[in-house]
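Q: Can you look at this prediction? I've put the sequence above it.
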4 protein chains.
Amino acid sequence: MSKNRVEAFSDGVFAIVITLLILELRPGEGVLNAHDMIVQAIPKMLAFALSFVVIGTYWVAHHRMLHYVKTTDRTFLWLNLALLMVVTFIPYPTALIGATRGEADAVLLYGATLIAANLLGTLVWLYGTSPAHQAENLKHGQRSRVALVHVAPVVVYAIGMSLIPFAIAITLACYAAVPAFFILAGPWVDRLVAGTAE
Amino acid sequence: MSKNRVEAFSDGVFAIVITLLILELRPGEGVLNAHDMIVQAIPKMLAFALSFVVIGTYWVAHHRMLHYVKTTDRTFLWLNLALLMVVTFIPYPTALIGATRGEADAVLLYGATLIAANLLGTLVWLYGTSPAHQAENLKHGQRSRVALVHVAPVVVYAIGMSLIPFAIAITLACYAAVPAFFILAGPWVDRLVAGTAE
Amino acid sequence: MSKNRVEAFSDGVFAIVITLLILELRPGEGVLNAHDMIVQAIPKMLAFALSFVVIGTYWVAHHRMLHYVKTTDRTFLWLNLALLMVVTFIPYPTALIGATRGEADAVLLYGATLIAANLLGTLVWLYGTSPAHQAENLKHGQRSRVALVHVAPVVVYAIGMSLIPFAIAITLACYAAVPAFFILAGPWVDRLVAGTAE
Amino acid sequence: MSKNRVEAFSDGVFAIVITLLILELRPGEGVLNAHDMIVQAIPKMLAFALSFVVIGTYWVAHHRMLHYVKTTDRTFLWLNLALLMVVTFIPYPTALIGATRGEADAVLLYGATLIAANLLGTLVWLYGTSPAHQAENLKHGQRSRVALVHVAPVVVYAIGMSLIPFAIAITLACYAAVPAFFILAGPWVDRLVAGTAE
């Protein structure tokens, strides 16, 4: 299985998952008027937007990872499929948050899913850039620095989850903070990872 | 992230969104006979056809844009993902129009979504063809002319939306007029944009 | 828009539509036991299998068509999108047949959809192989012979539809006969089209 | 139809089917609280995970098969589409197991689907590597050894199915054992197939 195929298959799964999110917003049959339907759907819209950005961030991160992987083998393939399984799972806690308007257990499951995705992503990275598989463009120290970048959000998610009993809005803000950080601070993260940040 | 990958991912999302539209037409379970189900589904069929053509038009426009973009960066990537998020959202107001048989708020949300798509498309275009990113094939004055072509439909959508209190059919006709115009007058638009139209 | 992109986008839509068919088979929530659910789902399974083969046949035909098209333009693009819209619509009459266990109007709509697909396919073919667009590999007389192959099933579908008041099973058999014919008699059709059949 | 197109189309279908599995987990509308929804969804989550791994295994196997196929023809195309139809069907028995919490008939249908997939996969393999179609890289004896690897799981599935009256958990364990075996013992299977295992 060439790296290109794994990449194309992963891209396909990312594109499908990110688009399927909209299916959660399907309106029911005509009991309500349009205005009330839209108002009721607002938590679902927010959950849609959050997960779209989260999955978009994972997609970007996945590409950057594979850029430094030269060869793949069965183990890599299955680690990557496990990561894709967790990403594919994201629409469920997303829907749950939307359907329950952010009940604690839904928000908890969402966070646990993100943590699983980050930990599996770290594993995919460490395996794919182990000496036997890494590409020549990997710089000294970059492997552990990228691993740190993958693990760091776990701390943010965990802090957010620990706040669920107090303020679920803050928990959700913690979840949203991770993609927001990577969008806004992306260039700085790139320099950090390349070892050229001050 | 190469331009090709962004293009392939965007194509995937467009193909999935345009196809998912049909899921809104799913019949319920056997309370009605087939004839009544079909009659009831007519507003949904019209909404399906409208959104199929609208998303098809966006897909064509997206390709034409990327033809003049040479290099992409993180900012371009995220602007493009924001555009894709709005396009991915289209099935929701589509479903809402179908389910409520064109209630005012559903038609309003649909128009607002199209306006957001056009404005984001303009942003993607202006960023992607800024001096640092534009390809050599971009002609003098083409950048602003294409931006105008992206912004002009916003006026049509807005006029349509302002007519919602009076005649929703005219609003929907305004929405449909935009893709119809680009289908029928496409060659003329091409000459306009290339600066060769009289 | 290059031919390759149109082909890749069309392939994507075909792959998505053919796979979405399974969503019609989704079981409801636990009122029935598994045995009754399966028995009740048999008409839906048959409709799934019919549409899977029908769409598969269209996909194969689509590829063969584009093999003889050299250049595409806006008109071709939109004719092709119209064809894709009709193909994307197929899951709806499929679901309707499944949900109503083959009521007349559902079977009629299914037939009308197939006729629209074949007529649009013929248009795509005739436009794409007009002197300005055809590839060098198109043989003399092949253009009209392939057009005939696209139009001929319309007759079969129409005969089937005319039998709806008498025996819907025969109508469905007519619909199924078309892909069955192309699967079984494909090599003969190829020779016919190439002008080498006796 | 080139081998590459068949491969790309098949990849698309695999990616879509594996992702659509998550749609079964869609929560209903707000009658239950999030905690009860999650607890109720556990059988569906397990069914999702099982089918994700099963389809992932089929995807990997499909790629390995096509690696040894040089040329394709109509018959190969239709055998492959038949295989894809069975793979596309998998979400239905998956959903049924989830919705009925593993009732006997649901588990039976799931097993029958897997058996059909393996037998069709064997057919695709034998046809695609018949002397007229096989690639040069196929080693002596490899054709029958791979066929055996495709057929062997049928025995495991059948044993599992025969145990349905006694212990459905063991049946499901049999189903799960097949992908688990290919994940864990993959390298050994590779050597066996290449004729280099002791």
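A: Arrived safely. The structure displayed is predicted, hence computed values, not measured ones. Numbering: from 1, shown residues only, chains lettered A, B, ... in the order given.
Q: For chain A, give the helix that spans the most residues.
A: Looking across chain A with DSSP state H, the single longest helix is helix A:34-66.
Q: which element follows that one toward the C-terminus?
A: Toward the C-terminus, helix A:34-66 is succeeded by helix A:74-89 as the next helix or strand (DSSP states H and E).
Q: which intervals of chain A have sub-threshold pLDDT?
A: A:1, A:29-31, A:196-198 (pLDDT under 70).
Q: residue in it nearest to chain C?
A: Among all residues of chain A, residue A:16 sits closest to chain C, at 8.3 Å; criterion: C-beta to the nearest C-beta. From N, CA and C alone the C-beta is placed, and that goes for glycine too.
Q: Next, count neighbours for residue A:37.
A: The number of residues packed near residue A:37 is 23, by other C-beta atoms under 10 Å in any protein chain shown.
Q: likewise the one 3 residues further on?
A: Counted with other C-beta under 10 Å, the burial measure for residue A:40 works out to 16 neighbours.
Q: now swap in residue A:191 and tell me
A: Other residues close to residue A:191 by other C-beta under 10 Å number 12.
Q: quick one: is the longest helix of chain A near chain B?
A: Yes. Contact between helix A:34-66 and chain B, assessed by C-beta under 8 Å from any C-beta of the partner chain, occurs at A:34-35, A:37-38, A:41, A:45, A:48-49, A:52-53, A:56, A:59-60, A:63-64.
Q: re earlier: the residue of chain A closest to chain C contacts residue D:19, correct?
A: Yes. Between residue A:16 and residue D:19 there is a contact under C-beta atoms under 8 Å: 4.2 Å.
Q: show me what contacts residue A:133?
A: A:69, A:70, A:71, A:72, A:73, A:76, A:127 (C-beta atoms under 8 Å, 6 or more residues apart in numbering or on different chains).
Q: Name the nearest of those relative to residue B:85.
A: residue A:69 (28.3 Å; C-beta to C-beta).
Q: so that closest one sits right up against residue A:76, yeah?
A: Yes. With contact defined as C-beta under 8 Å, residue A:69 counts as touching residue A:76 (7.4 Å).
Q: which neighbours do those two share?
A: What both residue A:69 and residue A:76 touch, as defined by C-beta under 8 Å, 6+ apart, is the set A:128, A:133.
Q: Chain A against chain D: which residues are in contact?
A: So chain A meets chain D at A:1, A:5, A:8-9, A:12-13, A:16-17, A:20, A:23-24, A:28, A:74, A:77-78, A:81, A:84-85, A:88-89, A:91-92, A:95-96, A:99-101, A:103-106, A:109 (C-beta under 8 Å from any C-beta).
Q: how about the residues of chain A near chain B?
A: Close to chain B, as judged by C-beta under 8 Å from any C-beta, chain A has residues A:11-12, A:14-16, A:18-23, A:25-30, A:33-35, A:37-38, A:41, A:45, A:48-49, A:52-53, A:56, A:59-60, A:63-64, A:183, A:186-187, A:190.
Q: Just give the nearest non-adjacent residue to residue A:128, would you?
A: residue A:69 (3.9 Å; C-beta to C-beta, 6 or more residues apart in numbering or on different chains).
Q: can you pull the contacts of that neighbour?
A: A:3, A:76, A:128, A:129, A:133, A:134, A:135.
Q: give me the beta-bridge partners of it?
A: residue A:134 (DSSP bridges).
Q: How many residues are close by the residue nearest to residue A:46 when sequence neighbours are not counted?
A: Excluding the flanking residues, the one nearest residue A:46 by C-beta to C-beta, 6+ apart is residue A:98, at 7.8 Å. By other C-beta under 10 Å, 26 other residues sit near residue A:98.
Q: End to end on stretch A:27-39, go ahead and measure it.
A: End-to-end distance for stretch A:27-39, by C-alpha to C-alpha, to the nearest Å: 11 Å.
Q: Next, the buried residues of it.
A: By 16 or more other C-beta atoms under 10 Å in any protein chain shown, the buried positions in stretch A:27-39 come out as A:27, A:32, A:34, A:37, A:38.
Q: now check it, is it near chain C?
A: No. Stretch A:27-39 lies apart from chain C when judged by C-beta under 8 Å from any C-beta; the minimum separation is 14.4 Å.
Q: what's in contact with that stretch?
A: A:40-41, B:28, B:92, B:95-96, B:99-101, B:103-106, B:109, D:29.
Q: Got a quick PyMOL command for the buried subset of the residues you listed?
A: Remark: buried members of the contacts of stretch A:27-39, expressed as a PyMOL selection using 16+ other C-beta under 10 Å:
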select buried, (chain A and resi 40+41) or (chain B and resi 92+95+96+99+100+101+103+104+105+106+109)
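Q: Which members of the contacts of stretch A:27-39 occur in helices, if any?
A: A:40, A:41, B:92, B:95, B:96, B:99, B:100, B:104, B:105, B:106, B:109.
Q: shouldn't residue A:20 be in contact with residue D:23?
A: Yes. The pair formed by residue A:20 and residue D:23 meets the contact definition of C-beta under 8 Å, at 6.8 Å.
Q: related to what we said a few turns ago, buried subset of the contacts of residue A:69?
A: A:3, A:76, A:128, A:129, A:133, A:134.
Q: mind putting those in TSV, distance to residue C:120 included?
A: Formatted as TSV, the buried ones among the contacts of residue A:69 follow (distance: C-beta to C-beta, whole Å):
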residue	distance to residue C:120
A:3	39
A:76	44
A:128	46
A:129	50
A:133	48
A:134	51
